[in-house]
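J.: fold the stuff below for me.
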Amino acid sequence: MQFDVLTLFPEMFEVLNESIIGKAKEKGLINVNLINIRDFSKNKHKKVDDTPYGGGAGMVLMPDVVYDTYKSVKTDKARVIYMSPQGKKLDQSKVEELSKQEHLILLCGHYEGIDQRVIDKIVDEEISIGDYVLTGGELPAMVLIDSVSRYIEGVLKEGSTKEESFSQGLLEYPQYTRPEIFEGQQVPEILLSGHHQNIDKWRRKQSLKMTLEKRSDLLDKINLSDEDKKVLEEIKNEVPNKVGTARN
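T.: Coordinates of the predicted model:
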């Protein structure tokens, strides 16, 4: 997949050269092309912003500079995303949807934002990573690249995303590894049994339990089987004081 990032601070994206995303870049599974908006300024001082019409605090990115930056990388298949706190909140379904695209252009705002005229002209959708405001769109763009890249074939081992949190609407079950006993706590015996059917049932129950305790709102958004509903009732009877409450 091709990611073209329109930004004033390309140096911030060095983190994408590390870990799984860095390896995906090395293998050619994804390409992250960083385009400095300032390079397209016609001003001798490379000025890219100006005061807002109507007054107000801060500066606004000028539309012609942003538009020229966009034109340098646009293709017929490109989908342009403006990273904005006003956008639709990024979730797992959106991540999976975007992973099927061939070319994403990510526009990173800064200062007080971008002239609305160029947003109206080139942006296909606005995406937010949460109901809060950051100093720019670079961190949200990195979050989007990381989350989307994981669903591109070959980036992770096959099957790695099937049972993780949100992939089936539930939070993931707890994981354990060696040593078998740590600080007096033993790995659950069921995981040592080698009985895969029982292990699967245990993991499903733990997934339901984790979701009920930490994100009960998710349970209203998925279709639970009769067996799931039965297990949920068992969980509620086992730990009634913890359901729907935060842990200390």
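
J.: just checking, T69 touches D4?
T.: No: using C-beta atoms under 8 Å, T69 is not in contact with D4, being 9.5 Å away. (C-beta placed from N, C-alpha, C; glycine too.)

J.: identify the contacts common to those two.
T.: Residues touching both T69 and D4 by C-beta atoms under 8 Å, 6 or more residues apart in numbering: I35.

J.: ok, the two, which is more surrounded?
T.: Relative neighbour count places T69 above the other of T69 and D4, with 26 against 22, counting by other C-beta atoms under 10 Å.

J.: secondary structure class for that one?
T.: Secondary structure, DSSP: H, G, I helix; E, B strand; the rest coil: T69 is helix.

J.: against L34, how distant is it?
T.: 11 Å (C-beta to C-beta, to the nearest Å).

J.: please apply the same query to F166.
T.: For F166, the distance to L34 - C-beta to C-beta - is 29 Å.

J.: got it, and Q92?
T.: Distance, Q92 to L34, using C-beta to C-beta: 26 Å.

J.: again, but for G58
T.: Distance, G58 to L34, by C-beta to C-beta: 24 Å.

J.: one more: P140?
T.: Counting by C-beta to C-beta, the gap from P140 to L34 is 15 Å.

J.: who has more neighbours, the two?
T.: Higher neighbour count among P140 and L34: P140, with 24 against 18, using other C-beta under 10 Å.

J.: roughly how far apart are T135 and V48?
T.: Shown here: T135 relative to V48, a distance of 16 Å by C-beta to C-beta.

J.: in terms of neighbours, single out the busier of these two.
T.: Under the criterion of other C-beta under 10 Å, the comparison of T135 against V48 puts V48 first, with 24 against 10.

J.: so for the more buried one, what's the pLDDT?
T.: pLDDT recorded at V48 is 97.

J.: hang on, it packs against N36?
T.: No: using C-beta under 8 Å, V48 is not in contact with N36; the gap is 9.7 Å.

J.: give the residues shared as contacts by these two.
T.: Common neighbours of V48 and N36, counting by C-beta under 8 Å, 6+ apart, are L8.

J.: how near is D115 to V48?
T.: 11 Å.

J.: shared neighbours of these two, anything?
T.: L61, M62.

J.: could you tell me how many residues sit around the nearest residue to R203 once chain neighbours are set aside?
T.: Closest residue to R203 apart from its sequence neighbours, by C-beta to C-beta, 6 or more residues apart in numbering: Y173 at 4.2 Å. Using other C-beta under 10 Å, Y173 has 20 neighbouring residues.

J.: pLDDT wise, what is Y173 at?
T.: 93.

J.: OK, contacts around the residue lying closest to T75 once chain neighbours are set aside?
T.: Nearest non-adjacent residue to T75, counting by C-beta to C-beta, 6+ apart: H103, 5.6 Å away. With contact taken as C-beta under 8 Å, 6+ apart, H103 is in contact with M1, Q2, D4, T75, K77, A78, R79.

J.: can you check I235 too?
T.: K205, L208, K209, L212, V243.
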